[in-house]
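J.: Based on what follows, work out the 3D shape:
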Amino acid sequence: MIIDALTHILPPYFNEHRDEALARDRTFAELFANPKARIVQAEHLLIEMERSEVDRSVIAGFGWTDLDLAKRSNDYLLECASKHPDVLIPLCSVNPLWPNDAAPREAERCLNFGARGIGELHADTQGWVDLPYNCLDDIMSVARQYVENRNKIAFVVVHSSEPLGHTYPGKGTMTPDRLLQLAARFPENSFIFSHFGGGLPIYEHMPEVKPALANVAFDTAAAPFLYNSDIYATIESLVGGTRIFFASDFPLITQRRALEHLRNSELTLYRQKMILEVAGQLYDFSRSAKNQT
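T.: The predicted model follows:
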């Protein structure tokens, strides 16, 4: 079983009205200003999954700033998951800084219609990168309420930034220090910090840091773009395989390339298998969207 814990698909609207979306949404503009940046739909992901022998994929949009575009993206993700309930599982993305209670209402709507978490969130372009993180109180409450009502985990997926290394579109400044503060503020929420948390697991050697990250897992999204394959063994030795989720960040990187990168690591096949499967166990794919109540 291979689970890809973070892929991105968008409705055809974003291909057909790309310039309009670039003008309306800061996150979309940051990520897709380059006309070569790929925008794909569910059918492209399903073909990639078949080629790569990936069994299931978590599908997400991005950290939208425009409410209408966010709803359009969220609706598409929910629709795709309803058509392929045993293959695709949707997240929904909201902006905590939308006026009134638009963000918690949209998060609640999507979770009620089959979304299994909130994300991906992009703090820099959405405008909440700096402390305090009280602007997230309402959406975090919605995620916790989902857990209480459904007895299932509702992850909050947050884009993470490396304080070193090369720059790239969307890198941002949500570095380990800020991610640590975010996790500590919401200890009852479950987080996935993308891109190995920008290196945050390294700091679990500090006795005051380790307990603050008990509610955090890390995904491997875009790992070939950021690190050599030694990264998997390093992070696994720090946090264990049950807190590392294999993720490709497709279509930025193909699932095939992401899998090859992991398989070239120093991890044993057993430990690789754990990373490839753990997301499915925690999201509980045994209960598909069509069976949710």
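
J.: Okay, strands next: where are they in the stretch 1-150 of the chain?
T.: 3-8, 56-60, 88-90, 117-121 (DSSP state E, counting those that start in this stretch).

J.: now swap in the stretch 151-293 of the chain and tell me
T.: Secondary structure of the stretch 151-293 of the chain (DSSP E, counting those that start in this stretch): strands at 155-158, 190-193, 216-219, 244-245.

J.: which one of those strands is the most hemmed in?
T.: Mean neighbour count (mean count of other Cβ atoms under 10 Å) peaks for strand 244-245 among these, with a mean of 28. No exception for glycine: its C-beta is placed from N, CA and C like everyone else's.

J.: Quick one: mean pLDDT over it.
T.: When pLDDT is averaged over strand 244-245, the result is 97.

J.: CSV for the strands of the stretch 1-150 of the chain, including mean pLDDT and distance to residue 212?
T.: What follows is the strands of the stretch 1-150 of the chain, written out as CSV (pLDDT from 0 to 100; distance: least, Cβ to Cβ, whole Å):
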stretch, mean pLDDT, distance to residue 212
strand 3-8, 97, 22
strand 56-60, 97, 25
strand 88-90, 96, 28
strand 117-121, 97, 19
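
J.: got CSV for the ones you listed, with mean neighbour count and distance to residue 146 too?
T.: Output for the strands of the stretch 1-150 of the chain, formatted as CSV (neighbours: other Cβ atoms under 10 Å; distance: least, Cβ to Cβ, whole Å):
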stretch, mean neighbour count, distance to residue 146
strand 3-8, 27, 18
strand 56-60, 27, 16
strand 88-90, 25, 13
strand 117-121, 27, 9
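
J.: mind checking which of those strands is nearest residue 99?
T.: strand 117-121 (17.6 Å; Cβ to Cβ).

J.: for the closest one, packing partners?
T.: On a contact count with 3 or more Cβ pairs under 8 Å, 6 or more residues apart in numbering; DSSP states H and E, strand 117-121 meets helix 137-150, strand 155-158.

J.: least trustworthy helix or strand in the chain by mean pLDDT?
T.: helix 269-283 (a mean of 91; mean pLDDT, DSSP states H and E).

J.: Using PDB, list the CA coordinates for that helix.
T.: The C-alpha trace of helix 269-283 is given here as PDB (Å, rounded to 0.1, in the frame of the first residue of the first chain):
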ATOM      1  CA  LEU A 269      12.400  -1.700   3.200                       C
ATOM      2  CA  TYR A 270      10.400  -2.200   6.300                       C
ATOM      3  CA  ARG A 271      10.900   1.400   7.400                       C
ATOM      4  CA  GLN A 272      10.200   2.700   4.000                       C
ATOM      5  CA  LYS A 273       6.900   0.800   4.000                       C
ATOM      6  CA  MET A 274       6.000   2.400   7.300                       C
ATOM      7  CA  ILE A 275       6.400   5.900   5.800                       C
ATOM      8  CA  LEU A 276       4.500   4.900   2.700                       C
ATOM      9  CA  GLU A 277       1.500   3.600   4.700                       C
ATOM     10  CA  VAL A 278       1.200   5.600   7.900                       C
ATOM     11  CA  ALA A 279      -0.900   8.400   6.400                       C
ATOM     12  CA  GLY A 280      -3.600   5.900   5.300                       C
ATOM     13  CA  GLN A 281      -3.700   4.400   8.800                       C
ATOM     14  CA  LEU A 282      -4.200   7.800  10.500                       C
ATOM     15  CA  TYR A 283      -6.600   9.200   8.000                       C
END
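
J.: For that helix, buried residues please.
T.: Neighbour counts over helix 269-283 (16 or more other Cβ atoms under 10 Å) mark 271, 272, 274, 275, 276, 277, 278, 279, 280, 282, 283 as buried.

J.: That one packs against which elements?
T.: strand 3-8, strand 56-60, helix 231-239, strand 244-245, helix 255-263.

J.: ok and it relative to helix 231-239, angle-wise?
T.: Here helix 269-283 runs at an angle of 70 degrees relative to helix 231-239 (axes from the mean of the first three to the mean of the last three Cα atoms, to 10 degrees).

J.: Could you check the pLDDT of residue 289?
T.: At residue 289, pLDDT is 41.

J.: Quick one: the helices and strands packed on strand 117-121 as CSV, columns for distance to residue 232 too.
T.: CSV is the format used below for those (distance: least, Cβ to Cβ, whole Å):
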stretch, distance to residue 232
helix 137-150, 28
strand 155-158, 20
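
J.: thinking again about what came up before, got CSV for the helices and strands packed on helix 269-283, with distance to residue 133 too?
T.: Output for the helices and strands packed on helix 269-283, formatted as CSV (distance: least, Cβ to Cβ, whole Å):
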stretch, distance to residue 133
strand 3-8, 22
strand 56-60, 21
helix 231-239, 22
strand 244-245, 23
helix 255-263, 30
